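Undergrad: quick one, what's the 3D model for this:
(2 chains)
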Number of protein chains: 2
Amino acid sequence: MFSLPEINLNLIVMIYKKLAELNDKNMEPGYAAETDIEDLLKSLEKELTSDFERAVLLWSLDPNDRLALLANDAARKWNSSNRVLIEIACARSSHELFLVRQAYHVRYKKSLEEDVAAHTEGDFRKLLVALVSSHRYEGPEVDMSLAKSEAQILNEKIKGNIYKHEELIRILTTRSKAQLNATFNHYNNEFGTAINKDLKSDPKDDFLSALRAIIRCMNCPEKYFEKVIRLAINKMGTDEGALTRVITTRAEVDMKAIKDEYQRRNSVPLDSAIVKDTTGDYEDFLLALIGHESA
Amino acid sequence: MFSLPEINLNLIVMIYKKLAELNDKNMEPGYAAETDIEDLLKSLEKELTSDFERAVLLWSLDPNDRLALLANDAARKWNSSNRVLIEIACARSSHELFLVRQAYHVRYKKSLEEDVAAHTEGDFRKLLVALVSSHRYEGPEVDMSLAKSEAQILNEKIKGNIYKHEELIRILTTRSKAQLNATFNHYNNEFGTAINKDLKSDPKDDFLSALRAIIRCMNCPEKYFEKVIRLAINKMGTDEGALTRVITTRAEVDMKAIKDEYQRRNSVPLDSAIVKDTTGDYEDFLLALIGHESA
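TA: The predicted model follows:
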């Protein structure tokens, strides 16, 4: 069983081997002699193809850089079922999102919203660009009369099946989390159903599912991420991409809460589920990251 | 003639007098005894009604706080001919815009984009929310093939009179200034007219005028601000609001360049124009801010 310090050592050995290989290539005629760390890291990224290597690469990055890489990947290969941009924009504080946007500038010489806008379209573009560009107020102040009037707007749009309406997008993408929480509570009290229940009218609609993900990432990220892990593990042939993403991005954030939620929801500890579904170095690495206590 | 240190003294005397008045009010029965600086400043804001007082208030604020105040004012009383939000979003660096957004949180317990989105609508909302939320990349890197393809898109939309098209808004609100500059140059070379000329098809259309302001604020802020001052002074009954805003916000930024541009464009020095058009303390204060040398 790996522990984190050993992983570090393995990682370093592996990176050095890759660097040496790449350096050899660079020494061949026709290759530019200059190689800087950034180029090497980029090449490394392409070379790391196994689940284990991908997990190690993600984990080895600075947290903001890690999210910038995931966001870039999600923007470039965007499809309507991809939830990565929503996770980055909604399950972090405004300040943390801003740090990711700064890391994105450094890494890609572009802005995050620029790439998201260029690779998405229609209603998803309106929603996602606003989400990743927002710098929500983070204080506890709540305007109760605004919560009432906006709960009313949300209910009208949802009941009228015009949930792509710009007023609905405006409310979800700009209001503070405290304000939205008050709005959702009022919605529940006034209309007798939780807003996310009402947003389930068509379970196959990706836009509706994105709206639910936004609300869940803001309100209760550990429940949101528990579900992503649950679905990744329960899938025919584990979804390693999702599993790696959630575990590497939440390991030092709220993994304890996610593990508790997983146990509560599945009556099985997360580490047992991982042991059952993964193998080898990849398994050991995930277990080390979630803080598995070996027996 | 005032010099800045004297202005400071006058300002302090005036503020103390106002504070004393307000304190007397607070001591009257029925008033809450507690008064903190923030409340006093807010009351002060309401009490400062003359052009001189308004100019002094704006000038006395920290630059980010000053722009946050102007932005809040512009958002709350928004109308389609108001250019203040565009100036704040486009004639500053990305980092400076972010500092204004942070100051806005502190001052108004909301986000700038939240207030802009709540007080605007339709195409102007799409344009302005994206502008104030953007954190453009600031490096010099330019993608020439992108500049070509996006110049083509801009030309198609403008020629087709669909300048409210979301692609046009996307390009203007997310691309870096260096990238946009390359795009506009290519536009000029390829289509034989500067983009801002093509955006003049209907001189009375406020949306077109906003697009031109965006381009001018990004490309050449001193020319943009020279024109705002020129129109403010040439108007029947000087537009003191605009004059005060430009001089207090650009005094320590690019006033030298604006003055040079004013002289070049009007064959009259800016200070002579101000002396001719304003009077008293207000005149003296503006002259002090633009660095007038008394004879």
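
Undergrad: which residues does stretch A:245-254 contact?
TA: By C-beta atoms under 8 Å, 6 or more residues apart in numbering or on different chains, the residues outside stretch A:245-254 that reach it are A:55, A:58-59, A:63, A:66-67, A:70, A:84, A:87, A:221-222, A:225, A:228-229, A:232, A:255, A:258, A:286, A:289-290. The way it works is simple: take the backbone N, C-alpha and C, and place the C-beta from them, glycine included.

Undergrad: whoops, stretch A:213-222 was the one
TA: A:83, A:86-87, A:89-91, A:131, A:172, A:177, A:180-181, A:184, A:195-196, A:199, A:223-224, A:227, A:254, A:257-258, A:260-261.

Undergrad: and if we set it to 6 Å?
TA: Contacts with stretch A:213-222, where a contact means C-beta atoms under 6 Å, 6 or more residues apart in numbering or on different chains, come from A:83, A:86-87, A:90-91, A:172, A:177, A:196, A:224, A:254, A:257-258, A:261.

Undergrad: list the buried residues of it.
TA: Residues A:213-219, A:221-222 are the ones in stretch A:213-222 that count as buried (16 or more other C-beta atoms under 10 Å in any protein chain shown).

Undergrad: likewise stretch A:151-163?
TA: A:151, A:154-155, A:157-158, A:163.

Undergrad: what's the closest of the residues you listed to B:Met236?
TA: Distance to B:Met236, by C-beta to C-beta, is smallest for A:Lys157 among those, at 46.3 Å.

Undergrad: which other residues reach stretch A:136-145?
TA: Taking C-beta under 6 Å, 6+ apart as the rule, stretch A:136-145 contacts A:94, A:176, A:178-179, A:182, B:105, B:109-111.

Undergrad: and the residues you listed, which of them are in strands?
TA: Per DSSP state E, strands hold no members of these.

Undergrad: which parts of the stretch 101-250 of chain A are helices?
TA: Taking DSSP state H, counting those that start in this stretch to define them, one finds helices in the stretch 101-250 of chain A at A:112-119, A:122-133, A:144-159, A:166-174, A:177-191, A:195-198, A:206-219, A:221-234, A:240-250.

Undergrad: hey, which of those is tucked in deepest?
TA: helix A:112-119 (a mean of 24; mean count of other C-beta atoms under 10 Å in any protein chain shown).

Undergrad: do that helix and chain B meet?
TA: Yes. Applying C-beta under 6 Å from any C-beta of the partner chain, one finds helix A:112-119 touching chain B at A:113-114, A:117.

Undergrad: including distance to B:Glu138, could those go into TSV?
TA: As requested, these are exported to TSV (distance: C-beta to C-beta, whole Å):
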residue	distance to B:Glu138
A:Glu113	14
A:Glu114	12
A:Ala117	17
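
Undergrad: skip the chain neighbours and tell me the closest residue to the one residue in the stretch 151-295 of chain A that gets nearest to chain B.
TA: Across the stretch 151-295 of chain A, no residue is closer to chain B than A:Thr174, which sits at 4.0 Å (C-beta to the nearest C-beta). Nearest-residue entry for A:Thr174: B:Glu114, 4.0 Å, with adjacent residues in sequence omitted and distances by C-beta to C-beta, 6 or more residues apart in numbering or on different chains.

Undergrad: surely the one you found touches A:Ser176?
TA: No. Under the criterion of C-beta atoms under 6 Å, B:Glu114 makes no contact with A:Ser176, lying 7.7 Å away.

Undergrad: up against chain B, what does chain A have?
TA: A:101, A:105, A:109-111, A:113-114, A:117, A:133, A:135-137, A:139, A:141, A:170, A:174.

Undergrad: okay, among those residues, which ones form the most distant pair?
TA: Counting by C-beta to C-beta, the most remote pair of the residues of chain A next to chain B is A:Lys109 and A:Glu141, 37.7 Å apart.

Undergrad: neighbour count: the two, which is higher?
TA: Ranked by neighbour count (other C-beta atoms under 10 Å in any protein chain shown), A:Lys109 and A:Glu141 place A:Lys109 first, with 16 against 10.

Undergrad: which residues touch the more buried one?
TA: B:139, B:141.

Undergrad: quick one: it from A:Ala68, how far?
TA: Going from A:Lys109 to A:Ala68 by C-beta to C-beta, to the nearest Å gives 12 Å.

Undergrad: excluding covalently adjacent residues, which one is nearest to A:Ala242?
TA: A:Ala242's closest residue in space is A:Ala232 (C-beta to C-beta, 6+ apart), at 4.0 Å.

Undergrad: can you check A:Arg66 too?
TA: A:Leu58 is the one closest to A:Arg66 (C-beta to C-beta, 6+ apart), at 5.5 Å.

Undergrad: name the element that neighbour belongs to?
TA: helix A:51-60 (DSSP states H and E).

Undergrad: closest to B:Leu146 out of the helices of the stretch 101-250 of chain A?
TA: Of all the helices of the stretch 101-250 of chain A, helix A:112-119 comes closest under C-beta to C-beta, at 8.9 Å.

Undergrad: what angle do that closest one and helix B:166-174 make?
TA: 160 degrees (axes from the mean of the first three to the mean of the last three C-alpha atoms, to 10 degrees).

Undergrad: how about A:His292, secondary structure?
TA: coil (DSSP: H, G, I helix; E, B strand; the rest coil).

Undergrad: quick check, pLDDT for the closest residue to it other than its chain neighbours.
TA: Leaving out its chain neighbours, the residue that sits closest to A:His292 by C-beta to C-beta, 6+ apart is A:Asp271, at 4.5 Å. The score at A:Asp271 is 95. That number is its pLDDT.

Undergrad: can you list contacts of the helix or strand containing A:Asp271?
TA: For A:Asp271, the host element (DSSP H and E) is helix A:270-277. Applying C-beta under 6 Å, 6+ apart, the external contacts of helix A:270-277 come out as A:233, A:238, A:259, A:262, A:286-287, A:292.
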